[in-house]
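> Sequence first, predicted model second:
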Amino acid sequence: MSAAVPHPLSPGSRAVGARDLAWLTGSLVLVAAPHALRAPWWLMLLTLCLLGWRFWFALNRAPLPSRWLVLGVAAVAMLGVWMEYRTLFGRGPGIVLLVLFAGLKLLETRTHRDAAVVAFLAYFLIITNFLYTQSMFNAALMGLSLLATTATLVGLAAPQREPRANLRTAAVLLGVMPASICGVLSDAT
């Protein structure tokens, strides 16, 4: 018996393009920004470096780092979090580890399926911001993050669509904009 060949358009087979990666990186930056106020500076710097490193790989079409390098970075960062908090459990260390792991997952993202996992990590990080504050500013920033992350997922599902159309669809899905207004806006463009 021969092994089943995956369909070329399945999420596990399609490579992530630079545009999708840019949207995903932007979403993660929006989500992680409030955590930067509470997280150790070195961990946020490491996470930003991971995001930038992955984007550099995409722009230069370079091969992604080996799994061993990613695991080594994860182990060293976990050791650093343990030294900072004296535990890996609890709200503070758990959330900063989740921010780091989102950056690490983005670094090893190759396919649309991997990108969807990063987007779902971003959704989870959106929720964790409300564990610290429920201010109007935080709610507005997380609403914007939610819109950007949802537009990213729409773009992953329909790679040929324009980003503006993805944002409109995300707004309709989130109930920010009624579908009737969205139809008027698409007719006007």
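Cool, got the structure.
> residue ranges for the strands of this structure, please.
In order along the chain, the chain carries no strands (DSSP state E).
> show me where pLDDT drops low in it?
1-13, 177-189 (pLDDT under 70).
> and with 90 instead?
Low-confidence segments of the chain (pLDDT under 90): 1-19, 55-64, 158-161, 173, 175-189.
> From the contact counts, what lies against the lengthiest helix in the chain?
If you go by DSSP state H, the chain has its longest helix at helix 136-157. Applying 3 or more C-beta pairs under 8 Å, 6 or more residues apart in numbering; DSSP states H and E, we find helix 136-157 packed against helix 18-32, helix 112-129, helix 163-174. In this view, the C-beta of every residue, glycine as well, is placed from N, C-alpha and C.
> what does that helix contact?
11, 16, 19-20, 23-24, 26-27, 30-31, 33-34, 112, 115-116, 119, 122-123, 126, 129-130, 132, 161, 163, 166-167, 169-171, 173-174, 176 (C-beta atoms under 8 Å, 6 or more residues apart in numbering).
> before we move on, what about stretch 20-32?
Taking C-beta under 8 Å, 6+ apart as the rule, stretch 20-32 contacts 16, 44, 47-48, 51, 54-55, 58, 99, 102-103, 106, 109, 112, 115, 118-119, 122, 125-126, 129, 141-142, 144-145, 148-149, 151-152, 155-156, 159, 163.
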